[in-house]
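Colleague: Show me how the following folds:
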Amino acid sequence: MTGWLTEAVPRGRVAAFRTLVYLFVAADLVVFTPWVRTRVDVPGDLYQPLLIGRLLPLPTPTSALVGVIFWVLLAVSLLAATGRAPRLLGWTVFALYFEWMIVAMSYGKVDHDRFGLLVALAVLPTAGRARHGDPTRTEAGGWALRVTQIAVICTYFLAAWAKFRFGGLDWATGSVLARAIIRRGTDLADVIAQVPHLLIVAQFGILAFELLSPLVFLLPERWRLAMVGFFYSFHLATIATITISFAPHLVAMTSFLPLEKVRPVLWLKRLLTRCSDPAGREPTPVAGPEPAVDPA
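Modeller: Numbers count the residues shown, from 1 in each chain. I've put the predicted structure just below:
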């Protein structure tokens, strides 16, 4: 079990995952959750902190506090994406983003798509230094990615558990998807809803998919990647039909992928080289000095 948890991975994969996660944190602040800054405009009595917020305890958010968190977290996350000072910057990003999420989720709604990302932020500082493209394998980095993978799969499995806990079998046989389509469905969803019994079949399929998701760890690598591809296709269908985005979860799920093969900076350099030399010619070698002639 210990060997499975710490299965070594290339450092380049850790570096790529780290950059992607920290860049998403910066994007999340300005694209997906900028509304958190408006939470301080409502009366403080409406702030009902999550359990962790009560245990620490954390202060009731104010405009100044949330503003400082926003700007400091934005700057630090961009710095952390470079891979410098992975422990210092990593722990700082985790602490600030954790507080950002407590503020966001302490007003009556808790999103479960953030769990995998929060776990990734918590374990990435333990992975140590890693450079893009480095093939050297690391067990510390492997542990960080594996723990993130477990969190991603727990998000699916525990979602099915919650459905049974609060809805029972009625969740699968009821009108859950029909109500979602009425509230926020797209034109594609309207077409699908007209097919008899298809939504009920889809609800049973969602439950089966979530309950069987842990099987991804038992598959060979090729089939594991295919199953992860199915996970992504499921979320693509969700966005296309009922416009529900699981962006943080999708970022965390890249922990399953061979990200060391994705090197956009290297690709850009190659593209620029080709553009500067369309014929693809090899560079002309620089002529050196003529060799001396032996007078003998």
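Colleague: drop to CA atoms for contacts and neighbour counts, all remaining ones
Modeller: OK.
Colleague: Local confidence estimate at Phe166?
Modeller: Phe166 carries a pLDDT score of 87 in this model.
Colleague: what about it, neighbour count?
Modeller: 10 (other C-alpha atoms under 10 Å).
Colleague: What sits closest to Gln48 if chain neighbours are left out?
Modeller: Leaving aside its sequence neighbours, Gln48 sits nearest to Ser106 (C-alpha to C-alpha, 6 or more residues apart in numbering; 5.2 Å).
Colleague: Over to Phe217?
Modeller: Nearest one to Phe217, counting by C-alpha to C-alpha, 6+ apart, is Arg224 at 7.2 Å.
Colleague: roughly how far apart are the one you found and Glu99?
Modeller: Distance, Arg224 to Glu99, using C-alpha to C-alpha, to the nearest Å: 34 Å.
Colleague: what do you get for Pro248?
Modeller: In terms of C-alpha to C-alpha, Pro248 sits 16 Å off from Glu99.
Colleague: picking that back up, can you confirm the residue nearest to Gln48 is in a strand?
Modeller: No: checked against DSSP: H, G, I helix; E, B strand; the rest coil, Ser106 lies outside a strand; its state is coil.
Colleague: Burial check on it, number of neighbours?
Modeller: With other C-alpha under 10 Å as criterion, Ser106 counts 17.
Colleague: show me what contacts it?
Modeller: Contacts for Ser106 (C-alpha atoms under 8 Å, 6 or more residues apart in numbering) come out as Tyr47, Gln48, Pro49, Leu50.
Colleague: Got phi/psi on Val9?
Modeller: Torsion angles at Val9 (phi, psi; degrees, to the nearest 10) stand at phi -130, psi 160.
Colleague: Can you tell me which residue sits nearest the middle of this structure?
Modeller: Val251 (1.9 Å; C-alpha atoms, centre = their mean).
Colleague: Look up phi and psi at Pro10.
Modeller: The phi/psi pair for Pro10 (degrees, to the nearest 10) is phi -60, psi 140.
Colleague: So it is in contact with Arg137, correct?
Modeller: Yes: in this structure, Pro10 is within contact of Arg137 by C-alpha atoms under 8 Å, at 4.2 Å.
Colleague: out of these two, which sits in the more crowded spot?
Modeller: Pro10 (22 against 17).
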